[in-house]
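Visitor: what follows is a predicted protein model with its sequence.
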Amino acid sequence: MRVIITGATGMVGEGVLLECLDNIAVVEVLIIGRKNYPLSHPKLKELILKDFSEIEDHADLLTGYDGCFFCAGVSSVGENEESFTKKTYDFVIPFARALSAINPEMTFIYVSGNRTDSTEQGKVMWARVKGRTENELMKLPFKGQYNFRPAIMKATKGQVNVKNNIQNNGAADCSVYLNKDFETRRCWPGHDPCCI
């Protein structure tokens, strides 16, 4: 499987990257970001884009991928709705739209957030914006589209981009695995894997 990852210099994206590089089913990983990720690996390729709206200019590099993990994002702390919308919805949707035109047979996975508001009507600003983003993504013609809503995450072994030393905060030991058909399974100690 060949995958694209955005946000590899952040905690979530770096964790996904390290898991993909360690997974024998993944043969190639293309990270797309605004700055270089300091790692060399035989499976790893990198595309630096200062402006993600330029993704269509690189269509020849993006064909043939099976999935995209969109892990790039910002905190809503200190943001007003207009600014957060620009950095979330207006950042994600044009990228995903372009990618769906280039690779309609891919699966697109968006890392959203716990308590995202799919009704887009709630009182919490960031939850409405994330909900609107998820709703728009589900309309795109990907083979599959999933929105992950993590609440607390445990760092992956080898991560350097970890916020607030969360690797020791007692987070649940929960891992996400991908099989060859890009189905997602979640398992944790003492439980059988179940579909997310």
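Guide: Okay, I see it.

Visitor: which residues sit against stretch 16-31?
Guide: Applying Cβ atoms under 8 Å, 6 or more residues apart in numbering, the contact partners of stretch 16-31 are 1-6, 8, 13, 37, 39, 41, 43-47, 61-62, 65, 69, 71, 156-159, 175-180. C-beta: built from backbone N, CA, C; applies to glycine.

Visitor: one more time with 6 Å
Guide: Stretch 16-31 has contacts (Cβ atoms under 6 Å, 6 or more residues apart in numbering) with 1-5, 8, 37, 41, 43-46, 69, 71, 156, 158, 180.

Visitor: narrow the residues you listed to just the buried residues.
Guide: Taking 16 or more other Cβ atoms under 10 Å as the criterion, what is buried in the contacts of stretch 16-31 is 1, 2, 3, 4, 5, 8, 37, 43, 44, 69, 71, 156.

Visitor: for the residues you listed, which one is nearest residue 137?
Guide: Comparing these against residue 137 with Cβ to Cβ places residue 69 closest, at 12.9 Å.

Visitor: so that closest one sits in a strand?
Guide: Yes: under DSSP: H, G, I helix; E, B strand; the rest coil, residue 69 falls within a strand.

Visitor: for it, give me its contacts.
Guide: 5, 16, 109.

Visitor: could I get the full set of strands for this protein?
Guide: With DSSP state E as the criterion, the chain has strands at 2-6, 28-33, 44-48, 67-70, 107-111, 144-148, 175-178, 184-187, 194-195.

Visitor: deepest of those, which one?
Guide: Among the strands of the chain, strand 67-70 has the highest mean neighbour count (mean count of other Cβ atoms under 10 Å), at a mean of 26.

Visitor: wait, residue 116 sits on residue 127?
Guide: Yes: Residue 116 is within contact range of residue 127, at 5.4 Å (criterion: Cβ atoms under 6 Å).

Visitor: tabulate the strands of the chain (JSON lines), appending distance to residue 96 and mean pLDDT.
Guide: Below are these laid out as JSON lines (distance: least, Cβ to Cβ, whole Å; pLDDT from 0 to 100):
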{"stretch": "strand 2-6", "distance to residue 96": "10", "mean pLDDT": "98"}
{"stretch": "strand 28-33", "distance to residue 96": "12", "mean pLDDT": "97"}
{"stretch": "strand 44-48", "distance to residue 96": "16", "mean pLDDT": "97"}
{"stretch": "strand 67-70", "distance to residue 96": "7", "mean pLDDT": "98"}
{"stretch": "strand 107-111", "distance to residue 96": "6", "mean pLDDT": "97"}
{"stretch": "strand 144-148", "distance to residue 96": "8", "mean pLDDT": "95"}
{"stretch": "strand 175-178", "distance to residue 96": "19", "mean pLDDT": "45"}
{"stretch": "strand 184-187", "distance to residue 96": "18", "mean pLDDT": "42"}
{"stretch": "strand 194-195", "distance to residue 96": "23", "mean pLDDT": "35"}
